[in-house]
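> Just need the structure, nothing else, for what follows:
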Amino acid sequence: MSTAIAFDTYAYVRRLRDAGVDEAQAAIQADTLVTLVEDRLATKQDVADLKRDIALIEANLKRDIKEMDVRIVNVESNLKKDIAILDGKIEITKAELRKDVETAKVDIIKWVVVTGIAILGGVAAINRLVPPVPAYYQLPVQEMRQTAPLPAPSPTLPVPPLIPSR
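Reported below is the predicted structural model:
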């Protein structure tokens with residue numbers, strides 16, 4: 001703050017003295033008042049300087065905001081370009097993956113067919129080396145004989161009843 005405050009200390013001391021205050025006390029009061037005014041109060045020039053500084057800061061902030069807006073627009077456009085490039089790469093990768101999956105499907109089908117043919121060929125080779133036993137051909141079974149018939153009952157022996165009587 002500037003020290004250009006118009007304060008007549010002599011007139012202040014004279015008025016206090018005329019009011020009955022001791023001249024030494026009036027001088028101390030005037031000095032204290034000048035110090036307070038110079039340290040604590042703002043002048044019109046101080047206010048004008050502050051307004052000028054605020055206007056300068058405001059102008060700088062507006063310029064910085066405009067620059068930031070331009071930067072943001074540039075970043076947005078760069079991001080959109082990058083996203084478009086990444087989308088293209090993703091589509092290419094998807095196409096490559098589809099192609100790889102189709103190739104894998106064909107390879108799997110080939111392997112399944114070749115494996116099936118190999119298994120059938122192996123079974124045919126085994127059948128040639130060890131022919132299967134025909135269904136009508138049975139292995140020999142041990143012969144079973146019937147027991148000899150029981151002798152006929154003799155007429156002299158009584159025949160026991162099958163169901164006991166009561």
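> mean confidence score for stretch 15-35?
Averaging the model's pLDDT scores along stretch 15-35 yields 87.
> To clarify, my last question referred to stretch 127-144.
Across stretch 127-144, pLDDT averages out at 70.
> Look at that stretch and report the distance between its end residues.
34 Å (Cα to Cα, to the nearest Å).
> Equivalent analysis for stretch 34-51, please.
25 Å.
> shaky segments in the protein?
For the chain, the stretches flagged by pLDDT under 70 are 1-5, 132-142, 151-166.
> in this protein, which spans are helices?
Applying DSSP state H to the chain gives helices spanning 9-18, 23-40, 44-129.
> so can I have CSV of those showing mean neighbour count and distance to residue 144?
Placement of C-beta: from N, CA and C, glycine included. CSV is the format used below for the helices of the chain (neighbours: other Cβ atoms under 10 Å; distance: least, Cβ to Cβ, whole Å):
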stretch, mean neighbour count, distance to residue 144
helix 9-18, 14, 153
helix 23-40, 13, 137
helix 44-129, 10, 34
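> So what's the gap between stretch 36-47 and the chain middle?
With Cα atoms, centre = their mean, to the nearest Å as the basis, stretch 36-47 stands 59 Å off its chain's centre.
> Hmm, I typed the wrong one, I wanted stretch 33-49.
60 Å.
> swap in stretch 63-82?
For stretch 63-82, the distance to the chain centre is 27 Å (Cα atoms, centre = their mean).
> same question, stretch 91-104
In terms of Cα atoms, centre = their mean, the gap separating the centre of stretch 91-104 from the centre of its chain is 25 Å.
> re earlier: now that we have the helices of the chain, can you turn them into a markdown table and tack on distance to residue 149?
Shown next, in a markdown table, are the helices of the chain (distance: least, Cβ to Cβ, whole Å):
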| stretch | distance to residue 149 |
| --- | --- |
| helix 9-18 | 166 |
| helix 23-40 | 150 |
| helix 44-129 | 49 |
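> looking at those, which is closest to residue 143?
Taking Cβ to Cβ, helix 44-129 is the member of the helices of the chain nearest to residue 143, at 32.1 Å.
> Quick one: list the elements packing against that closest one.
Judged by 3 or more Cβ pairs under 8 Å, 6 or more residues apart in numbering; DSSP states H and E, helix 44-129 is in contact with no other helix or strand.
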